[in-house]
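K.L.:
Below: sequence and its predicted model.
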Amino acid sequence: ANTVIANNPHVFEKALWSDHTIGEEIRIIRCRNEDAETERVATEILDQKLKNGLDFRDFAVLYRGNHQARLLEMKLQAYQIPYRISGGQSFFSKNEIKDAMSYLRLMINPDDDAAFLRVVNVPRREIGPRTLEQLSHYARSRNVSLFKALGDMGAETHVTEKGLDRLRRFAHWVDKTCERLFSEDPIPVIKQLFTDIEYEEWLHQHSGSPKQAERRMENIWYLVESIRRMLDDGKGTADEIGIEDAISRLVLRDMMEQREEEDDSDKVQLMTLHASKGLEFPHVFIMGLEEEILPHRSSIEEGNIEEERRLMYVGITRARETLALTYAASRKQYGEKLETIPSRFLDELPEDYRTVIVLCDLEGLSYKQIAEAIDRPVGTVMSRLYRGRRNLETKLRSLARERGIIKGDDGREDEADKVLDINRFRRRREA
């Protein structure tokens with residue numbers, strides 16, 4: 001921390017000191033993309049907790065902007081890791097996500113009354129509270145769901161004609177969309193769902209500014225993209241799931257988050273670098289160590305790197321025992337995959353106190369290629385990597401270490417965790 005902040009001009013010299021002896025080196029972890037970055041953070045938290053008997057509250061994940069937490073939330077929930085966001089709003093607690101989740105719940109279970117009531121008039125369909133109250137009374141008398149009650153002939157004697165007509169038009173649209181969801185490619189159907197209801201236009205009417213409305217709509221598309229990834233991850237394997245299972249998993253994560261909000265005792269802390277001032281944690285991860293993220297693009301353009309460096313100093317000094325800095329080699333922006341530039345602050349760290357970890361790029365490799373690279377039978381590789389490509393780096397590292405062919409930066413066999421490079425495996429195999 002002292003070495004990094006020394007690059008800023010000072011009126012007074014600043015130097016922190018500690019009573020502790022020299023501890024763990026700072027680990028700099030380069031990941032393939034933003035998905036691999038959040039996967040790495042989530043699996044490391046689980047791994048360290050289980051191996052060292054730690055609590056979740058011993059871990060903190062820091063980032064420059066709240067938008068970086070979206071994918072991380074998805075990963076933590078996938079691994080059932082409880083977390084708390086400080087100084088920001090959870091992804092699933094945003095109103096637009098609650099709306100979207102209710103629509104998705106209704107698509108896989110039209111008898112979900114809570115979901116029905118949330119979205120039946122969002123966007124507005126001119127269905128008033130009196131109409132819904134009439135429908136609710138009738139549904140309770142028949143002991144059926146609100147959706148099923150709409151199909152009963154008796155509903156006509158309990159609900160006003162105009163209100164019932166609007167409700168039935170909505171129910172007809174839900175039926176048709178459900179039918180398409182299970183008979184066609186589900187992702188385009190879900191996207192069309194939000195187009196059909198003109199949800200983006202509704203957001204523009206109910207947001208403080210056009211930019212806020214755009215950000216809220218981006219959250220919706222991010223949710224849809226996460227569903228697509230869930231469907232693609234297990235494709236062609238025993239773990240392949242359908243759209244109903246994918247949505248059910250999201251619903252379960254949402255329910256778990258709501259339950260965890262009541263129990264704030266043992267959770268991973270997620271927060272921005274700004275929000276972390278004055279706090280300390282035993283084990284800290286700082287994500288997104290890339291140019292235009294940390295330091296932020298606006299600070300670079302304004303020539304205000306000193307403030308960004310102070311944030312980096314804050315982040316480093318939040319860690320009491322271990323610190324890991326992660327960055328993605330490529331990142332999606334506006335639907336396009338772009339190569340990133342590692343943050344200049346990484347170069348400012350003293351070389352004697354850092355370890356660089358490079359995860360190999362396994363994208364596009366077949367089981368046969370992996371087997372050849374690490375000199376193992378294809379059957380062994382397939383059985384060990386049975387979950388498709390999920391957590392592939394961890395399992396491949398284990399396989400390779402058994403053969404003693406992972407080497408560190410300086411070539412020593414005993415530094416197996418430092419560098420994992422598939423090209424080294426290939427060269428060894430060819431030799």
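P.N.:
Received, thanks.

K.L.:
and the residue located most distally from the centre of the chain, what is it in contact with?
P.N.:
In the chain, the residue that sits farthest from the middle, by Cα atoms, centre = their mean, is Thr157; the gap is 48.5 Å. By Cβ atoms under 8 Å, 6 or more residues apart in numbering, the contact list for Thr157 is empty. C-betas here are computed from N, CA, C, even on glycine.

K.L.:
Partner strands of the helix or strand where Leu338 lies, with direction?
P.N.:
Per DSSP states H and E: Leu338 is located in strand 336-339. Strands adjacent to strand 336-339 in the sheet, as given by DSSP bridges, are strand 330-333 (antiparallel).

K.L.:
Pull out the buried positions in the strand it pairs with.
P.N.:
Buried positions in strand 330-333, judged by neighbour count with 16 or more other Cβ atoms under 10 Å: Arg331.

K.L.:
same thing with stretch 343-353?
P.N.:
Buried residues in stretch 343-353, defined by neighbour count with 16+ other Cβ under 10 Å: Ser343, Arg344, Phe345, Leu346, Leu349.

K.L.:
quick one: the third one and Arg309 touch, right?
P.N.:
Yes - if you go by Cβ atoms under 8 Å, Phe345 and Arg309 touch, sitting 6.6 Å apart.

K.L.:
residues shared between the contacts of those two?
P.N.:
Common neighbours of Phe345 and Arg309 (Cβ under 8 Å, 6+ apart) are Val4, Pro295.

K.L.:
Doesn't Ile85 belong to a helix?
P.N.:
No - Ile85: not assigned to a helix; according to DSSP: H, G, I helix; E, B strand; the rest coil it is strand.

K.L.:
Spit out the contact partners of it.
P.N.:
Neighbouring residues of Ile85 by Cβ under 8 Å, 6+ apart: Ala69, Glu73, Leu270, Met271.

K.L.:
out of those, who's nearest Asn143?
P.N.:
Glu73 (38.3 Å; Cβ to Cβ).

K.L.:
Excluding chain neighbours, give the residue nearest to that closest one in space.
P.N.:
In this structure, Glu73 finds its nearest non-sequential neighbour in Phe91, 4.8 Å apart by Cβ to Cβ, 6 or more residues apart in numbering.

K.L.:
Might one say that that neighbour is in contact with Arg216?
P.N.:
No - counting by Cβ under 8 Å, Phe91 sits too far from Arg216 to count as a contact (11.8 Å).

K.L.:
Looking only at neighbour counts, state which of those two leads.
P.N.:
Phe91 (24 against 20; other Cβ atoms under 10 Å).

K.L.:
Just the pLDDT at Ile405, thanks.
P.N.:
pLDDT, Ile405: 41.

K.L.:
longest single strand anywhere in this protein?
P.N.:
Secondary structure assigned by DSSP state E gives strand 319-328 as the longest strand of the chain.

K.L.:
ok, residues contacting that strand?
P.N.:
Applying Cβ under 8 Å, 6+ apart, the contact partners of strand 319-328 are 23-24, 26-34, 36-37, 40-41, 44, 280-290, 316, 340, 342-343, 346.

K.L.:
cool, and stretch 60-73?
P.N.:
Contacts of stretch 60-73 (Cβ under 8 Å, 6+ apart): 34-35, 38, 41-42, 83, 85, 87-92, 219, 222, 268-273, 276, 279, 281, 283-288, 293-294, 296, 311, 315, 318.

K.L.:
The same query, at a cut-off of 6 Å, please.
P.N.:
With contact meaning Cβ atoms under 6 Å, 6 or more residues apart in numbering, stretch 60-73 is reached by 34, 38, 41, 88, 91, 222, 269-270, 273, 276, 281, 284-288, 293-294, 315.

K.L.:
One more: stretch 265-277?
P.N.:
So stretch 265-277 is contacted by 55-57, 59-62, 69, 81-87, 311, 314-315, 318 (Cβ under 6 Å, 6+ apart).

K.L.:
can you pull the buried residues of that stretch?
P.N.:
So stretch 265-277, judged by 16+ other Cβ under 10 Å, has buried residues Lys267, Val268, Gln269, Leu270, Met271, Thr272, Leu273, Ala275, Ser276.

K.L.:
for the fifth one, which residues make a bridge with it?
P.N.:
Pointing back at Met271 there. Here Met271, judged by DSSP bridges, has bridge partners Leu62, Ser86.

K.L.:
ok, it to Val284 distance?
P.N.:
The gap separating Met271 from Val284 is 11 Å, by Cβ to Cβ, to the nearest Å.

K.L.:
Same check on the last one?
P.N.:
According to Cβ to Cβ, Ser276 and Val284 sit 9 Å apart.

K.L.:
Spell out which residues are contacts of both of those two.
P.N.:
With Cβ under 6 Å, 6+ apart as the test, Ser276 and Val284 both reach Arg318.

K.L.:
Quick one: buried ones out of the contacts of strand 319-328?
P.N.:
Judged by 16+ other Cβ under 10 Å, buried ones among those: 26-34, 36-37, 40-41, 44, 281-290, 316, 340, 342-343, 346.
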